[in-house]
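In: predicted model and sequence follow; I will ask about them next.
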Amino acid sequence: MTVQDIRAFNRFYTNVIGALDYSRHLYAPFTLTESRVLYELAHSPRTDAADLRAELSLDAGYLSRILNRFEQDGLVERAPSERDPRRRQVTLTVRGRETAALLAERADESVGALLATVPEADRPRLSEALHTVRTILSEDSEDTKDVRRSRPEDVVLREPGPGDLGWIVQRNAALYAAEYDFNADYEGLVARIVADFAEDHDPHLERVWIAELDGRAVGCVMCVRDDAPGTARLRLLLVEPDARGLRIGDQLVAAVVEFARGVGYRDLVLWTNDVLGAARRIYQRHGFVLTAEKPHRSFGQDLVGQDWRLDLHEPH
């Protein structure tokens, strides 16, 4: 990898996304920078001008001219910040939110058209490559840009929508291959778990949660019935690497515990492997107790499987 490799990619991708003529590319009267300012305002309601400058690395005068234009066009309002009266808080008006939503819709359509040219079999590889670039170029920072900007309360736990169950399979397979070198056997296991849930589950006793941040899925977990009477099983806890640090795993596990206790399960159990240290610490924080360990050869690796249990009748 050389400097020229990265510069060549930058030139290529700039042309692919139409960055040099963004307004024509999206049929909108905004440059790429102006569109990004609207995006940040739409996805971070606490933003003030200083936050925008830092987030986008913009010159103060350039940003001021953009905001002046937006204010004249009725897209934004500025007022003293609630956090610091010396700062100016910037918020979108109703018209501004509608404009940002329209830009987002057109951007989605543009990327969708680009993705349509990629064969279905190549899309997981493309997705993982893009994710890898973001992760590697962010790993020198204590947190990624999204995590620095976000707070735990920005995370929304919701039910899965169309495509989310497939996302659970794809992200589990890709992340465990990248982080633990698991082979396709693991993807097969996850696919069977998800298929069983999709084809036959009791919505009163079984649930899936998707953790969403800034409009994208960043985590998941499942609660399903176990073979033992009165017992629920926690499965497929996952948090995207660039969203770690917001206690999303804790939120997901807490949702499962609350749900299982609320519908009357006596016990909540799970199976994991000792290499998943961060996940095990989450389980311990929520009162799970290790009940058994057993070495095994699975997913192309020598592992130590662990059974954990939580007594839902005991206060924690």
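Out: Happy to help now that I have it.

In: let's see the host helix or strand of Tyr39 as PDB, backbone CA atoms only.
Out: In this assignment (DSSP states H and E), Tyr39 forms part of helix 32-43. Listed next in PDB are the C-alpha coordinates belonging to helix 32-43 (Å, rounded to 0.1, in the frame of the first residue of the first chain):
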ATOM      1  CA  LEU A  32     -21.400  18.100  -1.200                       C
ATOM      2  CA  THR A  33     -20.300  20.200   1.800                       C
ATOM      3  CA  GLU A  34     -23.700  21.900   2.100                       C
ATOM      4  CA  SER A  35     -25.500  18.600   1.900                       C
ATOM      5  CA  ARG A  36     -23.200  17.200   4.600                       C
ATOM      6  CA  VAL A  37     -24.000  20.200   6.900                       C
ATOM      7  CA  LEU A  38     -27.700  19.500   6.400                       C
ATOM      8  CA  TYR A  39     -27.100  15.800   7.200                       C
ATOM      9  CA  GLU A  40     -25.300  16.600  10.400                       C
ATOM     10  CA  LEU A  41     -28.100  19.000  11.500                       C
ATOM     11  CA  ALA A  42     -30.700  16.400  10.800                       C
ATOM     12  CA  HIS A  43     -29.000  13.600  12.700                       C
END
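
In: helices or strands up against the helix or strand just after it?
Out: Next helix or strand after helix 32-43 toward the C-terminus (DSSP H and E): helix 49-56. Applying 3 or more Cβ pairs under 8 Å, 6 or more residues apart in numbering; DSSP states H and E, one finds that helix 49-56 makes contact with helix 32-43, helix 60-72, strand 88-92. C-beta: built from backbone N, CA, C; applies to glycine.

In: take the ones you listed and write them to CSV, including mean neighbour count.
Out: CSV is the format used below for those (neighbours: other Cβ atoms under 10 Å):
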stretch, mean neighbour count
helix 32-43, 19
helix 60-72, 14
strand 88-92, 19
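
In: what's near enough to touch Arg309?
Out: Residues near Arg309 by Cβ atoms under 8 Å, 6 or more residues apart in numbering: 267-269, 288-289, 291.

In: any idea how far Val169 is from it?
Out: 26 Å (Cβ to Cβ, to the nearest Å).

In: repeat that for Asp73.
Out: Distance from Asp73 to Val169, by Cβ to Cβ: 44 Å.

In: which one's more surrounded, these two?
Out: Remark: of Asp73 and Val169, Val169 carries more neighbours, 20 against 13, as counted by other Cβ atoms under 10 Å.

In: packing partners for the helix or strand hosting that one?
Out: In the assignment (DSSP H and E), Val169 maps to helix 164-180. Here helix 164-180 touches helix 123-138, helix 184-199, strand 207-213, strand 216-225, strand 231-239, going by 3+ Cβ pairs under 8 Å, 6+ apart.

In: low-confidence stretches in the protein?
Out: Across the chain, the ranges flagged by pLDDT under 70 are 1, 44-46, 83-84, 135, 138-153, 315-316.

In: give me the most central residue, it.
Out: Centroid-nearest residue in the chain, with Cα atoms, centre = their mean: Val218, separated by 1.9 Å.

In: check the gap between the closest residue to it other than its chain neighbours and Gly249 for me.
Out: Excluding the flanking residues, the one nearest Val218 by Cβ to Cβ, 6 or more residues apart in numbering is Ala243, at 3.8 Å. Taking Cβ to Cβ as the measure, Ala243 falls 10 Å from Gly249.

In: so what's in contact with the two at the same time?
Out: Joint contacts of Ala243 and Gly249 (Cβ under 8 Å, 6+ apart) are Gly219.
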